[in-house]
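Engineer: here are the coordinates; sequence isn't available:
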Ligand code: GLN
């Protein structure tokens, strides 16, 4: 298919082989033809043409001139409503633009719309969105598979070529797992590389913005544009951002890849173990040394995450009370009742579950037993990675324990849903960068993803290793 990469499209735009209007029309038409996927919560052609006019009339030398993108509906946007996939923010129109999306606008990209996501980014299947499920475009005829989550709309939009790239957020796997399910590239940078300012908060010590694209080169281009210091986010790192795209180098010879034994789980389907093995072999052929490593506290990562993330969420979501933003229940007869009814009508089941768990683990008497313990586990997990990186340069694991599953599955059992995050959560707790790249196929021909992890701020290495595997795929 023509025009499915940013590199190619930029080249054609910059040499006037295609106009911004023509390029964007291709994607607008695809979105209209694929409405059934429900990848977008907000899409408005008039809004898009306003943006295009602005870029056309500017003389600025834009780095992403006319590039059509999808923005996860967790990023506040000044000219588009922002819902976080929740009823409580229905019709909410922010008065400001998130730092990350502003940076993309400053480089002349076009926002085609707001991508569907799990409510407040809580989920692994984009099934908790108040605005309905997104359908994975790779679903074989006659079936409807989930796109993963929580950034499922973004991953699906890129996979179906409804845009050339998309933003996502990843708190425990929400970029990497949907990338794996949809067969696209997704990167979660180091915590602090991209500003969280203007992104609706889920768990602030874990939330990190990142991107989806169809290949490593496009991912590298987008990542450079969204990364960088912002003094409005106190956890934003102040450091030079490398030119990831220009520095791409697929020569991996002499590097050491770590394969953690704790990720070899008994219940993992054979096809996933097989592609993991194949990726290791592929790297070996490229001159990479393979080292078996140990990350001993891995099994405590998921329980620790499901204490820390809900604890932070319960605090972050306290602000939705019907007074300041979005939805307000009309039923209450007193202020307290109005708060109660607004929150019980405005939040979905999964969000309420997290708020309850979070409030519980933070309450007097339980705080030490749960929250403090989980924080200590988090430190041990982080130390595991630090030690591992004394022995290897990067780590290779599967991204998710299964390929995309049918819509409706795992919905009655939250634990089953949480197990989707088993391979992605440890890196989130440690704040290190992780990328998922499509590698191989399941027995049924569904895309599978392989995850690459590296040291804090070594995004270049996972991009380079990803490029090697992209070129040496099975
Ligand atoms: N699936 C995980 C959760 O539900 C991760 C979500 C995310 O990374 N935003 O919490």
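Structural biologist: Ah, there it is. Because the structure is predicted, anything quoted here is derived from the model rather than measured.

Engineer: can you report how many residues neighbour the residue of the chain found nearest the ligand?
Structural biologist: Distances between the chain and the ligand by CB to the nearest ligand atom are smallest at residue 174, namely 3.0 Å. Glycine gets a C-beta too; all of them are placed from N, C-alpha and C. Neighbour count for residue 174, taken as other CB atoms under 10 Å: 36.

Engineer: what's the spacing between it and residue 423?
Structural biologist: 13 Å (CB to CB, to the nearest Å).

Engineer: what stretches of the chain score poorly on pLDDT?
Structural biologist: The model of the chain has pLDDT under 70 over residues 1.

Engineer: around the ligand, pick out the residues from the stretch 101-250 of the chain.
Structural biologist: Proximity of the stretch 101-250 of the chain to the ligand, by CB under 6 Å from any ligand atom, involves residues 121-124, 150, 170-174, 202.

Engineer: ok, the residue nearest in space to the middle of the chain - contacts?
Structural biologist: Centroid check for the chain by CA atoms, centre = their mean gives residue 175 as the closest residue, at 2.2 Å. For residue 175, the contact set (CB atoms under 8 Å, 6 or more residues apart in numbering) comprises 151, 155, 168-169, 186-188, 210-212, 436.

Engineer: pick out the most distant pair among those residues.
Structural biologist: 169 and 436 (14.5 Å; CB to CB).

Engineer: let me see the ranges of the strands in the stretch 301-450 of the chain.
Structural biologist: Along the stretch 301-450 of the chain, counting by DSSP state E, counting those that start in this stretch, strands occupy 394-398, 434-441, 447-454.

Engineer: distance between the first one and the chain's centre?
Structural biologist: I take that to be strand 394-398. Here strand 394-398 is found 18 Å from its chain centre; the criterion is CA atoms, centre = their mean, to the nearest Å.

Engineer: in its sheet, what does it sit against?
Structural biologist: Neighbouring strands of strand 394-398 in its sheet, by DSSP bridges, are strand 256-260 (parallel), strand 447-454 (antiparallel).

Engineer: so for stretch 211-222, first residue to last residue, what's the gap.
Structural biologist: By CA to CA, to the nearest Å, the extent of stretch 211-222 from end to end equals 7 Å.

Engineer: try stretch 422-437
Structural biologist: End-to-end distance for stretch 422-437, by CA to CA: 17 Å.

Engineer: neighbour count winner among residue 169 and residue 436?
Structural biologist: Neighbours per residue, other CB under 10 Å: of residue 169 and residue 436, the larger number sits with residue 436, 36 against 27.

Engineer: OK, contacts around that one?
Structural biologist: Counted by CB under 8 Å, 6+ apart, residue 436 has contacts 175-177, 179-180, 185-187, 399, 449-451.

Engineer: one more: residue 201?
Structural biologist: Contacts for residue 201 were tallied using CB under 8 Å, 6+ apart; they are 207, 312, 316.

Engineer: so which elements touch the longest helix that the chain contains?
Structural biologist: Using DSSP state H, we find that the single longest helix of the chain is helix 373-391. On a contact count with 3 or more CB pairs under 8 Å, 6 or more residues apart in numbering; DSSP states H and E, helix 373-391 meets strand 256-260, strand 289-293, helix 301-316, helix 425-430.

Engineer: how much space between the residue of the chain closest to the ligand and residue 375?
Structural biologist: Residue 174 sits 21 Å away from residue 375, going by CB to CB.

Engineer: likewise for residue 191?
Structural biologist: For residue 191, the distance to residue 375 (CB to CB) stands at 15 Å.

Engineer: neighbour count winner among these two?
Structural biologist: The residue with more neighbours, out of residue 191 and residue 375, is residue 191; 23 against 15, by other CB under 10 Å.

Engineer: who's the closest spatial neighbour of the more buried one, skipping the chain neighbours?
Structural biologist: Closest residue in space to residue 191, ignoring its immediate chain neighbours: residue 431 at 3.5 Å, by CB to CB, 6 or more residues apart in numbering.

Engineer: so who does that neighbour touch?
Structural biologist: Listed by CB under 8 Å, 6+ apart, the contact set of residue 431 reads 190-192, 382, 456.

Engineer: what about 7 Å?
Structural biologist: Each residue near residue 431 by CB atoms under 7 Å, 6 or more residues apart in numbering is listed here: 190-191, 456.

Engineer: how about residue 455?
Structural biologist: So residue 455 contacts 389, 432 (CB under 7 Å, 6+ apart).

Engineer: 6 Å instead, please
Structural biologist: Taking CB atoms under 6 Å, 6 or more residues apart in numbering as the criterion, residue 455 is in contact with residue 389.

Engineer: please renumber the chain so that the first residue is 37 from this point on.
Structural biologist: Got it, first residue is 37 now, which makes that one residue 491.

Engineer: check the gap between it and residue 109 for me.
Structural biologist: Distance of residue 491 to residue 109, computed by CB to CB: 32 Å.

Engineer: what does residue 238 give?
Structural biologist: 13 Å.

Engineer: neighbour count: the two, which is higher?
Structural biologist: Neighbours were counted for residue 238 and for residue 109 using other CB under 10 Å; residue 109 has more, 30 against 27.

Engineer: tell me the spatial nearest neighbour of the more buried one, not counting adjacent residues.
Structural biologist: Residue 109 sits nearest to residue 150 (CB to CB, 6+ apart), 4.1 Å away.

Engineer: number of nearby residues for that neighbour?
Structural biologist: 27.

Engineer: do residue 163 as well
Structural biologist: Residue 163 has 24 nearby residues by other CB under 10 Å.

Engineer: how about it, what does it touch?
Structural biologist: Listed by CB under 6 Å, 6+ apart, the contact partners of residue 163 are residue 169.

Engineer: now it, what's its secondary structure?
Structural biologist: At residue 163 the chain is in coil, as set by DSSP: H, G, I helix; E, B strand; the rest coil.

Engineer: distance of it relative to residue 254?
Structural biologist: 28 Å.

Engineer: can you check residue 135 too?
Structural biologist: Applying CB to CB, the value for residue 135 to residue 254 is 21 Å.

Engineer: how about residue 235, phi and psi?
Structural biologist: Main-chain torsions, residue 235, degrees, to the nearest 10: phi -100, psi 130.

Engineer: quick check: beta-bridge partners of it?
Structural biologist: The partner residues for residue 235, given DSSP bridges, come to residue 111.

Engineer: burial measure for it, as a count.
Structural biologist: Quick note: residue 235 (other CB under 10 Å) scores 26 neighbours.

Engineer: for the residue nearest to residue 109, give me phi and psi.
Structural biologist: Here is the backbone geometry of residue 150 (degrees, to the nearest 10): phi -100, psi 130.
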